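Chemist: okay, here's the prediction I keep looking at, along with the sequence it came from:
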Amino acid sequence: MTVSAKEIEDFYYFVKKIEEFHGHVCVGIAMGTKSALAAMRVLGFDPYVKKHKDLIVYVETDRCMTDAVQGVSGCGLGKRSLKYVDYGKFAATFVRLSTGEAYRVTTTKDFPKELSVDEVLKLVSETPDEEMLLLERVEVDIPENDLPGSAKERAVCSVCNERVMDGRAVYKDGVPYCKACLYGAYYRVKN
Ligand SMILES: [Zn+2]
Ligand SMILES: [Zn+2]
């Protein structure tokens, strides 16, 4: 299998686009762009369309790759169409909501460290998907409260009185708590 001229052109187009908000081009961006384009292709999504209402993507890292996934898919955390799962893995799962069809993509190839970014880009762009990516069909159960659209469940924390959206409040003896008050927060308020 060879890579078509169109696929190479798409790859460079998105690398350039992602560079604008990621700040640089790196191996993570190259691999992430390649991975995201392959997953979009297999699910039949056009990456040039700005917003896909029928697409949700789970990312498993908050490193470079995720910016590439965002740039290619048009999905975003603030649109509820990008979900961050803190696995520390270079992988992402693309889900077509209407059919449940989903693919998890990971990379199977490392590139020699001594290559320059331009050399990596050339190599990645010209390597067929099946020689550097693993695309597995998967199933994802997406809870109602995780879907885009208006919030289904709202509560007010009985301790801090802050509003808690999307079913994230935890009820103890029928009383609602936010997770920060019930389990301890990641921050401490300074006096
Ligand atoms: Zn980077
Ligand atoms: Zn609270």
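Modeler: Cool, got the structure. Ligands and ions are numbered 1, 2, ... in the order given.

Chemist: phi first, then psi, for Gly79.
Modeler: Not Gly; residue 79 is Lys. phi -100, psi 0 (degrees, to the nearest 10).

Chemist: show me the contacts for it.
Modeler: Lys51, Pro148 (CB atoms under 8 Å, 6 or more residues apart in numbering). In this view, the C-beta of every residue, glycine as well, is placed from N, C-alpha and C.

Chemist: in the sheet, who's paired with the residue nearest the centre of the chain?
Modeler: By CA atoms, centre = their mean, the chain has its centre lying nearest to Val59, at 3.5 Å. Applying DSSP bridges to Val59 gives these bridge partners: Tyr84, Ala92.

Chemist: residue contacts, it?
Modeler: Met65, Thr66, Val69, Leu82, Lys83, Tyr84, Val85, Ala91, Ala92.

Chemist: tabulate the CA atom coordinates of the host helix or strand of the second one in CSV.
Modeler: Assigning secondary structure by DSSP states H and E places Thr66 in helix 64-73. What follows is the C-alpha trace of helix 64-73 in CSV, where atoms were taken according to Å, rounded to 0.1, in the frame of the first residue of the first chain:
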residue,chain,number,x,y,z
CYS,A,64,1.0,17.1,22.1
MET,A,65,-1.1,14.4,20.4
THR,A,66,-4.3,15.7,21.9
ASP,A,67,-3.9,19.1,20.2
ALA,A,68,-3.5,17.3,16.9
VAL,A,69,-6.7,15.3,17.6
GLN,A,70,-8.5,18.5,18.4
GLY,A,71,-7.3,20.3,15.3
VAL,A,72,-8.3,17.4,12.9
SER,A,73,-11.6,16.4,14.6
